[in-house]
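S.K.: Next one to model:
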Amino acid sequence: MAVGFKVKYYWYQIGNGDFLHSFFSTVAYHLENKSWGSRFPLLMNELYQGKLDKTNINKAIEELDTIQTELQRFEPNQVIWDIDDLSKQPPWGNNISKEITNLSNYFVTSEGADFISVFFRALRKANEVNAEIEIKSI
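M.R.: Numbering: from 1, shown residues only. Take a look at the predicted model:
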């Protein structure tokens, strides 16, 4: 089942749900001191629970900008696949592209695009069309 961001009738495909959960798990573990939503409540709590109201889009963009900057400090082998079970590993293990140099560019969508770039595009589209953004499965 594919997961993505939906903004009105715009669709931004991400990949499977485990992959999306890994991104949020990595953020919670490394940037929020293992306390989900403590620093980035709009993305980690509201959006991850399914929907982010249009009035919070600008602040969510700021949160994502901080996340992107701070993830640059972590090596690819520091990815967290599942914060609820730290023994779980990505299905590809450590077999990753040499182009992946840190956790800010570790996450790549099922279509081969940089996840954080796609995330920014979806948030900016929501801002442009004055709409909420949702996480949806299709």
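
S.K.: any idea how far the spatially most central residue of the chain lies from residue 79?
M.R.: Closest to where the C-alpha atoms of the chain average out (C-alpha atoms, centre = their mean) is residue 23, at 4.7 Å. Counting by C-beta to C-beta, to the nearest Å, the separation of residue 23 from residue 79 is 9 Å. The way it works is simple: take the backbone N, C-alpha and C, and place the C-beta from them, glycine included.

S.K.: If we go by neighbour counts, what in stretch 96-103 is buried?
M.R.: Within stretch 96-103, the residues that count as buried by 16 or more other C-beta atoms under 10 Å are residue 103.

S.K.: Likewise for stretch 33-48?
M.R.: Quick answer for stretch 33-48 (16+ other C-beta under 10 Å): 36-37, 39-44, 46-48.

S.K.: Likewise for stretch 116-123?
M.R.: Of all the residues in stretch 116-123, those buried under the rule 16+ other C-beta under 10 Å are 116, 118-119, 122-123.

S.K.: Keep only those of those residues that are in strands.
M.R.: Using DSSP state E, no member of these sits in strands.

S.K.: Those into TSV, with extra columns for distance to residue 28?
M.R.: Below are those laid out as TSV (distance: C-beta to C-beta, whole Å):
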residue	distance to residue 28
116	16
118	20
119	16
122	20
123	19
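
S.K.: So which of these sit within helices?
M.R.: Judged by DSSP state H, the buried residues of stretch 116-123 include 116, 118-119, 122-123 as members of helices.

S.K.: how about the residues you listed in JSON lines, adding pLDDT and distance to residue 3?
M.R.: Output for those, formatted as JSON lines (pLDDT from 0 to 100; distance: C-beta to C-beta, whole Å):
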{"residue": "116", "pLDDT": "98", "distance to residue 3": "16"}
{"residue": "118", "pLDDT": "98", "distance to residue 3": "12"}
{"residue": "119", "pLDDT": "98", "distance to residue 3": "12"}
{"residue": "122", "pLDDT": "98", "distance to residue 3": "12"}
{"residue": "123", "pLDDT": "98", "distance to residue 3": "16"}
